[in-house]
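Trainee: heads up, no residue letters with this:
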């Protein structure tokens, strides 16, 4: 049993969490006090009287995290160990191996090594499976294994990994890794500059300014700002990036909360770089938060034309709050609103469906707002582009192939099958696509679409109720029909899937930089953006200039 001091510490922590969540404490003093007393009494009673030895720390951790999970996915509690383990560094610098990694079963999978950083220097490739770090076998290590790849600069780490099933060894030398907010910029043609903004860290606006000024100096007369896949980050950096293109003193975003101290209006504070240069901003379904502030504000101010597909729809603002004993809570404190007054939050976490999932605002219930020049824009579901491109939306089957690593694993297979491709851009033929489908079948890659998961869940429930034998034949027929329909969907979305495969293959040979260079010549959204910028009449008509 934990000591009395430990219990007091745990109870103090949860009281602090409850006090923070009860922002309107003064208004609900009795109810909050009542619930705290009930909870602390229950917690003490269970720990003192339960038949087996309990772990108060683990019980409290689960209680707090379960409570917050019912609010929204962005409000999170970090215990003392979490804070030490997962400190987020928004400077864009950290010490590590310089690679995107993910854990799968007893391995760490290299998803993408960054050019010139430790993982790349050690010869690691996308698809490599790390099975041992130093003396630690990952099959025996159930905690966050990525922490084993962190340490002081120049720390040497021996690792063992599998490449195409064959065991290999290498040595990693840790170094400072600078995560660039602008991983690529360049000119697409004589007058069109292209800037990729991949995240909103503390260097986002300075790197974007630097790219913009260099492109202008190199003769760029119009700009494409690519925010696809950008999940967001620091709100003030979003304001500063808008400030590059709009005058000082413009309202970019407003935050509103039931707690007045979180009600803020964020205006541009600096002199802009260029308020006249034509801009197209590209977004997709993975452009979220700060990306939506930038695209939504520039749209509302009639300063840019938005191209692509509807953005993610995250209009909630979080803030980390330090608490007692080294714990922390990151809590949703407000919603943000673009200059026209719209909130583009897509999911309503106050209204759950019968399965406990947040509901999405129905499109017919969206509210209309006006841009500065009177163009209609709408709330309720992300930023809707001025030029929406249906072909850029991700189909459900393509999404499944990305989630189950079908495309990623095939690109790994292709890379080792074609080791000497170099800087050449391959053309994926019908034979290649047939090879891809054969690979999925050979490797028994499951799609796990929502329908397939629901069907398998139904069988599991039937097994628990001992009625599975009665429905086995029908289940197999349904599963076979569903899998057949998935194959039909693969063929139907062949063009989209080929593009995703090609993207992944290019990164294997030429890193992310090579993929961006390829995009400037072939990507449909960029082609449409260039066409729009080159057609002054169409550009002006959209913005009512």
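Mentor: The structure has been received and is ready for your questions. A quick note: this is a predicted structure, and the numbers were derived from the prediction, not measured.
Trainee: pLDDT value on residue 16, please?
Mentor: At residue 16, the model reports a pLDDT of 49.
Trainee: the residue nearest to residue 280 when sequence neighbours are not counted: neighbour count?
Mentor: Once flanking residues are discounted, residue 280 sits nearest to residue 529: 4.1 Å by C-beta to C-beta, 6 or more residues apart in numbering. Yep, even glycine has a C-beta here, placed from its N, CA and C like the rest. Residue 529 has 27 neighbouring residues, counting by other C-beta atoms under 10 Å.
Trainee: so where does residue 529 fall, helix or strand?
Mentor: helix 524-534 (DSSP states H and E).
Trainee: and that helix, what does it pack onto?
Mentor: On a contact count with 3 or more C-beta pairs under 8 Å, 6 or more residues apart in numbering; DSSP states H and E, helix 524-534 meets strand 192-196, strand 222-226, strand 279-283, strand 305-308, helix 536-543.
Trainee: please identify the deepest-packed of these.
Mentor: Highest mean neighbour count of the helices and strands packed on helix 524-534: strand 279-283, a mean of 28 (counted as mean count of other C-beta atoms under 10 Å).
Trainee: what mean pLDDT does that strand get?
Mentor: Strand 279-283 carries an average pLDDT of 98.
Trainee: what does stretch 35-52 give?
Mentor: For stretch 35-52, the per-residue pLDDT averages 91.
Trainee: off-centre distance for that stretch?
Mentor: Distance, stretch centre to chain centre, for stretch 35-52: 38 Å (C-alpha atoms, centre = their mean, to the nearest Å).
Trainee: got it, and stretch 283-301?
Mentor: Computed by C-alpha atoms, centre = their mean, the chain-centroid distance of stretch 283-301 equals 14 Å.
Trainee: over to stretch 482-494?
Mentor: For stretch 482-494, the distance to the chain centre is 27 Å (C-alpha atoms, centre = their mean).
Trainee: list the buried residues for that stretch?
Mentor: 486, 489, 490, 493 (16 or more other C-beta atoms under 10 Å).
Trainee: what does that stretch rub up against?
Mentor: Applying C-beta atoms under 8 Å, 6 or more residues apart in numbering, the contact partners of stretch 482-494 are 395-398, 400-401, 433, 437, 447, 449, 451-452, 455, 497.
Trainee: again with stretch 215-222
Mentor: Around stretch 215-222, the neighbours that count as contacts under C-beta under 8 Å, 6+ apart are 185-187, 190-193, 195, 223, 273-274, 277-280, 533.
Trainee: give me the distance between the two termini of it.
Mentor: 9 Å (C-alpha to C-alpha, to the nearest Å).
Trainee: got a list of what the residue lying closest to residue 440 once chain neighbours are set aside touches?
Mentor: Residue nearest to residue 440 in three dimensions, not counting chain neighbours: residue 406, with 5.5 Å by C-beta to C-beta, 6+ apart. Shown in contact with residue 406 (C-beta under 8 Å, 6+ apart): 400, 440, 445, 447.
Trainee: I'd like to know how far residue 406 sits from residue 448.
Mentor: From residue 406 across to residue 448, the span is 10 Å (C-beta to C-beta, to the nearest Å).
Trainee: who touches both of these two?
Mentor: Each of residue 400 lies in contact with both residue 406 and residue 448 under the rule C-beta under 8 Å, 6+ apart.
Trainee: helices or strands next to the helix or strand harbouring residue 167 in the packing?
Mentor: Taking DSSP H and E as the criterion, residue 167 maps to strand 166-173. Here strand 166-173 touches helix 118-121, strand 156-163, going by 3+ C-beta pairs under 8 Å, 6+ apart.
Trainee: any idea which of those is most buried?
Mentor: The highest mean neighbour count among the helices and strands packed on strand 166-173, using mean count of other C-beta under 10 Å, belongs to helix 118-121: a mean of 21.
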